[in-house]
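In: predicted model and sequence below, questions to follow.
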Amino acid sequence: MQVGDLITLSSVGTSSVALRRDSPRMRKVFKNKPPLMGIVLKIRTTRPEQYNEYIIKWLNDPAGPIGRYGNHSPIDYFWRKDLKFVRKQNG
């Protein structure tokens, strides 16, 4: 994953309690909104035994989660396992 890649939350990311409200199903059923899509703004490299930290800007919902613990924490990053690449839609 590199800066500028188009991403969305992965199943690992949406299975966490803090990000469950931003899962594609919850957004579609309860909020009548499309799934979150964002772009990688910055990658912070940490020590080798830790995960890299990805800073995301959400394109279709500016009020999207700030970090991997939702909007209720000062943590402003996601780990790679919380994110996945966006696939093209057929049709």
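Out: That came in fine, so what should we check first?

In: residue 55 in helix, strand or coil?
Out: Following DSSP: H, G, I helix; E, B strand; the rest coil, residue 55 is assigned to strand.

In: test my guess that it contacts residue 38.
Out: No - with contact defined as Cβ atoms under 8 Å, residue 55 does not count as touching residue 38 (9.9 Å). (C-beta placed from N, C-alpha, C; glycine too.)

In: CA atoms of stretch 59-68 as PDB?
Out: What follows is stretch 59-68 as a C-alpha-only set of coordinates in PDB (Å, rounded to 0.1, in the frame of the first residue of the first chain):
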ATOM      1  CA  LEU A  59     -13.500  11.000   0.300                       C
ATOM      2  CA  ASN A  60     -17.300  10.400   0.500                       C
ATOM      3  CA  ASP A  61     -17.800  11.000   4.200                       C
ATOM      4  CA  PRO A  62     -15.700  13.700   5.900                       C
ATOM      5  CA  ALA A  63     -17.100  12.600   9.200                       C
ATOM      6  CA  GLY A  64     -15.700   9.100   8.800                       C
ATOM      7  CA  PRO A  65     -13.500   7.500  11.500                       C
ATOM      8  CA  ILE A  66     -10.400   9.300  12.400                       C
ATOM      9  CA  GLY A  67      -8.400   6.200  13.300                       C
ATOM     10  CA  ARG A  68      -8.600   2.500  14.100                       C
END
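
In: list the buried residues of it.
Out: 61, 64, 65, 66, 67, 68 (16 or more other Cβ atoms under 10 Å).

In: now do stretch 31-48
Out: Buried residues in stretch 31-48 (16+ other Cβ under 10 Å): 35, 36, 37, 38, 40.
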